[in-house]
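Colleague: coords below, sequence missing:
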Ligand code: DQA
């Protein structure tokens with residue numbers, strides 16, 4: 001069965017208790033359950049990965065690029081957290097593996113927040129972007145991937 005990779009970057013392990021007025025009260029473990037259920041409903045498996053380390057996220061994208069080319073992975077739902085606004089390395093990893101569909105997903109509406117959150121290094125490399133839909137955005141992103149040819 002094909003997989004969908006759900007990747008979360010720094011501080012998203014704190015979901016549920018971290019600034020709940022911005023990110024809600026759903027924990028990362030709750031989110032994993034939601035994503036696994038959605039994937040099963042669509043006939044996919046989930047690989048759920050979170051890291052606070054930029055290099056670990058780069059390595060995971062490289063791995064995902066290989067799995068995509070081997071026909072084992074449908075694509076990636078990626079919330080890069082604060083690395084969104086800083087990481088040329090993550091941009092280069094997505095572009096570098098070639099063709100990997102990544103749906104950049106943010107829980108909060110980054111455009112309604114501080115100006116340093118308005119720029120994303122990931123967006124030019126992403127197949128799609130979902131912003132400000134809460135954790136439901138991950139479900140939408142998975143549906144987008146599942147419905148791609
Ligand atoms: C975030 C938005 C980022 O600006 C922030 O650094 C995060 C979470 C979001 O999901 O809304 O860590 O990616």
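Modeller: Cool, the structure landed. Every value quoted in this text rests on a predicted model; they were computed, and no experiment measured them.
Colleague: could I get the pLDDT score of residue 1?
Modeller: pLDDT recorded at residue 1 is 79.
Colleague: before we move on, what about residue 24?
Modeller: 96.
Colleague: and for it, the neighbour number?
Modeller: 18 (other CB atoms under 10 Å). Placement of C-beta: from N, CA and C, glycine included.
Colleague: strands of this protein, residue ranges please.
Modeller: Taking DSSP state E, the strands of the chain run over residues 3-8, 45-50, 73-79, 102-106, 128-131.
Colleague: spatially central residue in the protein, please.
Modeller: Centrality entry for the chain: nearest residue to the mean C-alpha point is residue 78, 1.3 Å, by CA atoms, centre = their mean.
Colleague: just to revisit the earlier point, JSON lines for the strands of the chain, including distance to the ligand?
Modeller: As requested, the strands of the chain are arranged in JSON lines below (distance: least, CB to the nearest ligand atom, whole Å):
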{"stretch": "strand 3-8", "distance to the ligand": "9"}
{"stretch": "strand 45-50", "distance to the ligand": "11"}
{"stretch": "strand 73-79", "distance to the ligand": "5"}
{"stretch": "strand 102-106", "distance to the ligand": "4"}
{"stretch": "strand 128-131", "distance to the ligand": "8"}
